[in-house]
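A.B. asks: Quick check, what structure comes out for this input:
(one chain, ligands or ions: 1)
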Amino acid sequence: MPTDPAGLLTVDLGAIADNWRSLRARHGADVAGVVKADAYGLGAAPVGRALRDAGCRHFFVAHLAEGMALRSAVGPGPMIAVLNGFRPEEDGDADLTPVLNTPQDVAAWGAAEIPAQGPHDAILHIDTGMNRLGLSAKETAALAEDPSPLRRLLLRFVMTHLACADDPWHRLNAAQATRFAAARRRLPEAPASLANSSGIFLGPGFASDLARPGCALYGINPTPGRPNPMQQVVTLEAPVLQVRDVPPGMPVGYGASWVAYRPSRIATVAAGYADGYLRALSGRAVARHRGRDVPLAGRVSMDLTTFDVTDHPEIGIGSSITLIGPGLTPDDLAARAGTIGYEILTSLGARYRRAYLPAP
Ligand SMILES: *Cc1c(COP(=O)(O)O)cnc(C)c1O
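C.D. replies: Residues are numbered from 1 along each chain as shown. Next up, the predicted model:
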């Protein structure tokens, strides 16, 4: 037993690999692994290696530094694309693939020296309605008029990103797919990359040569409002440091926002908002113990959170309470905090001990 108990974050790499395989089967075409932001907080190196071993040949990160670290983890071979882009020669010998988001990116890469081993590869990102990154309709038309900068590059994919894929009824989905198809017809021929996790579930009109799922790999429901087709990946358990009896009328925690209404037992666990257990969960969340809910009592503080364990006499010092796990998904917790599962995962703190269950 460690002398300084901290929460235990368990990441099931086998479940991630299974999720990747099931997304590929549903997409009916190739599927990448989006491992930006340290694989949504779960660890880009172990997650990248597990996906590589499952057969994943294309990765997406957001930043150059993430790409370099991932290359060291997965070794040569798989494509590693940097969504936010980078300048020619910046990747050293890491063999990263830039996503070209602006006419300036296209010009810079089109003018770059062609390496001895052949043209540098690149992904062209065109915007079809998200208005975040990527060439606008006008810029895309100009490039279609004069595609000469692209001739000096190996265009691996033309990609776009869906803004509303998690809402299958949103009109923007079909509009984006139509604009994407029209733009591709005018641009030099290259494979297409369209769907994110939710896009894979929008149906055959959203299939492409390479889908780019992130959240669904990590167990977040890509079909909100419908049953989650993905396996749960994350378990987070926090140890109980102290249990105290609190008589009726006595408060618990900062702001005295929770007051005992009956003779109560309060358990204090070693996880707080500095660990990504969001303060917005104060007074709203539940944890789990032996298959039953344990209500949060009062405010989440920086390093500690208090739970009402009056109905759980089995809980004592050294017990561990499940903050995320069976019966309590990242999406459940997110709903209680008024956010999305993505933010729950990417906020998971650095102080937890981490255990990786290997893929079988
Ligand atoms: C983050 C991201 C993805 C993955 O999105 P999910 O909703 O997590 O599947 C795909 N494409 C782009 C451009 C992204 O930024």
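A.B. asks: Up against the ligand, what does this protein have?
C.D. replies: For the chain, the contact set with the ligand under Cβ under 6 Å from any ligand atom comprises 34, 36, 83, 161, 196-197, 212-216. All C-beta atoms are positioned from the backbone trio N, CA, C, and that covers glycine.
A.B. asks: In those residues, find the pair that's most separated.
C.D. replies: 83 and 216 (17.3 Å; Cβ to Cβ).
A.B. asks: of the two, who's got more company?
C.D. replies: Between residue 83 and residue 216, counted using other Cβ atoms under 10 Å, the more crowded position is residue 216 (27 against 21).
A.B. asks: Correct me if wrong: that one contacts residue 230.
C.D. replies: Yes: using Cβ atoms under 8 Å, residue 216 is in contact with residue 230, at 5.1 Å.
A.B. asks: For the protein, which segments are assigned as helices?
C.D. replies: Using DSSP state H, the helices found in the chain span residues 13-27, 36-40, 44-54, 64-74, 103-111, 137-145, 148-151, 171-186, 197-200, 330-337, 341-347.
A.B. asks: and among those, the most buried is which?
C.D. replies: By mean neighbour count, with neighbours taken as mean count of other Cβ atoms under 10 Å, helix 197-200 ranks first of the helices of the chain at a mean of 26.
A.B. asks: Output the contacting helices and strands for it.
C.D. replies: Applying 3 or more Cβ pairs under 8 Å, 6 or more residues apart in numbering; DSSP states H and E, one finds that helix 197-200 contacts helix 13-27.
A.B. asks: got the CA coordinates for the helix it packs on in PDB?
C.D. replies: Below are the C-alpha coordinates for helix 13-27, written out as PDB (Å, rounded to 0.1, in the frame of the first residue of the first chain):
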ATOM      1  CA  LEU A  13      -6.400  -0.500 -23.600                       C
ATOM      2  CA  GLY A  14      -8.200  -3.600 -24.700                       C
ATOM      3  CA  ALA A  15     -11.500  -1.700 -24.700                       C
ATOM      4  CA  ILE A  16      -9.900   1.100 -26.700                       C
ATOM      5  CA  ALA A  17      -8.700  -1.500 -29.300                       C
ATOM      6  CA  ASP A  18     -12.100  -3.100 -29.400                       C
ATOM      7  CA  ASN A  19     -13.700   0.300 -29.800                       C
ATOM      8  CA  TRP A  20     -11.400   1.100 -32.700                       C
ATOM      9  CA  ARG A  21     -12.200  -2.300 -34.400                       C
ATOM     10  CA  SER A  22     -15.900  -1.800 -34.000                       C
ATOM     11  CA  LEU A  23     -15.700   1.800 -35.400                       C
ATOM     12  CA  ARG A  24     -13.800   0.400 -38.400                       C
ATOM     13  CA  ALA A  25     -16.400  -2.300 -39.000                       C
ATOM     14  CA  ARG A  26     -19.200   0.300 -38.800                       C
ATOM     15  CA  HIS A  27     -17.400   2.800 -41.100                       C
END
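A.B. asks: Please name every helix or strand in contact with it.
C.D. replies: If you count contacts as 3+ Cβ pairs under 8 Å, 6+ apart, helix 13-27 packs onto strand 30-31, helix 44-54, helix 197-200, strand 353-357.
A.B. asks: hmm, back to that, if you look at the residues of the chain next to the ligand, which of them are in strands?
C.D. replies: Among the residues of the chain next to the ligand, the ones falling in strands (DSSP state E) are residue 34.
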